[in-house]
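Q: can you look at this prediction? I've put the sequence above it.
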Amino acid sequence: MGAAWLNINLNALKANYQYLDSCSAPTCTTGAAVKADAYGLGMVPVSHALYESGCRHFFVAQVDEAVTLRQSFAEKPCHIFVLEGPQAHDLADYQAYKLTPVINTAAQIEHLVGFNKANFSSLPSALHIDTAMNRLGLAPVDIQRLGEHLSPGGPLPLCLVMSHLACADNPLHSLNTEQLSMFSTLAAQIEHTPKSLANSAGILLAERYHFDLTRPGISLYGAMTDPATRDKQLTSVLSWQAEILQIRDIDKGQSVGYGAEFTAETAMKLATIGAGYADGYARALYQPEQNRIALVGIGGHAAPLVGRVSMDLIVVDVSKIPDSVLQKSEHADLIWSGYPLEQMALDRQTIAYEVMTGLGGRTKRYYDG
């Protein structure tokens with residue numbers, strides 16, 4: 001075991017999926033966003049746990065992710081959607097690995113139509129309509145031009161029409177209903193094709209946002225964009241631990257860490273822990289001038305950071321933790337009940353997504369369930 005590791009509770013993941021599925025409309029299917037290595041938790045083990053819970057629709061960002069996932073599933077039937085869509089040179093992989101490209105541009109349409117005609121293929125696609133994000137997706141005016149390709153037996157078979165909500169984590173934002181109205185109108189022009197609009201927060205907005213397929217992401221892992229909107233039925237999937245490498249005493253007036261930013265005002269006991277910014281433990285977690293100092297857990301006791309976060313190490317004040325606890329404690333908790341993922345994100349002035357996807361590659365993952 002390395003100096004820092006993640007514990008990932010796959011039973012909690014499954015329970016979150018089943019809960020989100022129960023929140024969806026009765027006729028709606030629940031998929032899963034597992035892009036960015038399942039938000040840093042490990043795409044393959046996470047996806048297989050979701051598959052065991054009944055998930056059959058998986059969304060990744062890039063074709064390499066999709067190929068890896070398909071290879072891991074072997075002959076298990078499922079749909080794997082690639083959100084960034086195809087380049088012309090990727091299409092043979094889409095066909096070989098039974099991947100579903102998400103069409104975002106007119107150029108991608110031409111790539112697919114040309115490929116299907118040249119290969120006597122009927123590679124199905126998902127159509128992404130941009131309804132307000134202005135990132136990826138076809139503009140509404142472009143939908144009118146698709147008619148010639150969308151006729152029955154035509155060269156652009158569609159298995160899904162989708163869009164993406166921009167402000168679903170703010171239930172009162174007017175853009176939610178505007179996007180719903182625009183998507184409903186535009187998607188209705190493409191008959192007999194399943195529709196998808198709702199992400200994690202969209203599932204919790206209202207049933208009218210659900211359509212035929214929902215695509216939860218962050219909520220599967222027990223978090224939300226805004227901690228205030230976090231559904232209490234969702235359970236945290238991950239905890240983060242690291243080894244306690246050393247415990248030492250220092251005298252009043254001694255400093256700790258780079259830049260000597262912390263100076264002891266009294267004699268103290270410190271613990272040095274084997275995690276740092278190379279593992280995703282951000283330097284921003286020690287900002288005393290902003291009253292933002294992360295708390296590490298040792299034997300259920302909270303210990304605040306002292307001094308700068310360095311590449312591989314952090315130092316915490318354990319002066320108030322009983323020696324009997326310190327003597328039998330081999331590791332510290334970095335994300336735990338006393339300092340959850342959402343609080344770490346707030347202290348970094350970011351969101352849970354960035355914390356999770358930034359967890360270092362050398363941080364080992366261990367799976368339970």
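A: Arrived safely, thanks for sending.

Q: check contacts around residue 241.
A: By CB atoms under 8 Å, 6 or more residues apart in numbering, the contact set of residue 241 is 4-7, 331-334. Backbone N, C-alpha and C define where each C-beta goes, glycine included.

Q: what's the neighbour count on residue 62?
A: 14 (other CB atoms under 10 Å).

Q: mind listing what it touches?
A: Neighbours of residue 62 in contact, by CB under 8 Å, 6+ apart: 35, 82, 84.

Q: find the nearest non-adjacent residue to residue 30, please.
A: Closest residue to residue 30 apart from its sequence neighbours, by CB to CB, 6 or more residues apart in numbering: residue 21 at 4.1 Å.

Q: pLDDT score assigned to the one you found?
A: If you check residue 21, the pLDDT there is 97.

Q: could you do residue 240 as well?
A: 98.

Q: okay, buried residues for the host helix or strand of it please.
A: If you go by DSSP states H and E, residue 240 is part of strand 238-250. For strand 238-250, the neighbour count (16 or more other CB atoms under 10 Å) marks 238-244, 247, 250 as buried.

Q: what's the answer for stretch 82-102, then?
A: 82-86, 90-91, 93-94, 97, 99-102.

Q: could you work out the end-to-end span of that stretch for me?
A: Start-to-end span of stretch 82-102 (CA to CA, to the nearest Å) is 6 Å.

Q: name the residues that touch that stretch?
A: For stretch 82-102, using CB under 8 Å, 6+ apart, the contacting residues are 35, 59-63, 65-67, 70-71, 79-81, 103-105, 108, 111-112, 114-115, 119, 121, 123-128, 136, 159-160, 162.

Q: change it to 7 Å
A: For stretch 82-102, contacts defined as CB atoms under 7 Å, 6 or more residues apart in numbering pick out 35, 59-63, 66-67, 70, 79-81, 103-104, 108, 111-112, 115, 121, 123-126, 128, 159.

Q: what does stretch 309-319 give?
A: Residues outside stretch 309-319 that contact it (CB under 7 Å, 6+ apart): 247, 256-258, 268-278, 281-283, 285-286, 296, 298, 303-307, 326.

Q: one more: stretch 172-181?
A: Outside stretch 172-181, the residues that touch it by CB under 7 Å, 6+ apart are 131-132, 163, 165-168, 205, 208-209.

Q: domain assignment for the chain?
A: Annotated domains of the chain cover 10-226, 238-339 [automatic domain parsing].

Q: kindly reformat those domains as JSON lines containing distance to residue 345.
A: As requested, these are exported to JSON lines (distance: least, CB to CB, whole Å):
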{"stretch": "domain 10-226", "distance to residue 345": "8"}
{"stretch": "domain 238-339", "distance to residue 345": "10"}
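
Q: which one of those has the poorest average confidence?
A: The bottom spot among these, by mean pLDDT, belongs to domain 10-226, with a mean of 92.

Q: please state the offset of that domain from the chain centre?
A: Remark: domain 10-226 is offset 15 Å from the chain centroid, using CA atoms, centre = their mean, to the nearest Å.

Q: tell me the contacts of residue 58?
A: Residue 58 neighbours (CB under 7 Å, 6+ apart): 31-32, 34, 47, 69, 78, 80-81.

Q: now, which of the contacts of residue 62 sits nearest residue 348?
A: Within the contacts of residue 62, the smallest distance to residue 348 is 21.2 Å, found for residue 35 (CB to CB).

Q: where along the stretch 251-369 of the chain do the strands fall?
A: 255-256, 262-263, 268-273, 286-287, 292-293, 295-298, 301-304, 314-317, 331-335, 364-368 (DSSP state E, counting those that start in this stretch).

Q: of those, which is nearest residue 196?
A: Here strand 364-368 is closest among these (CB to CB), at 28.7 Å.
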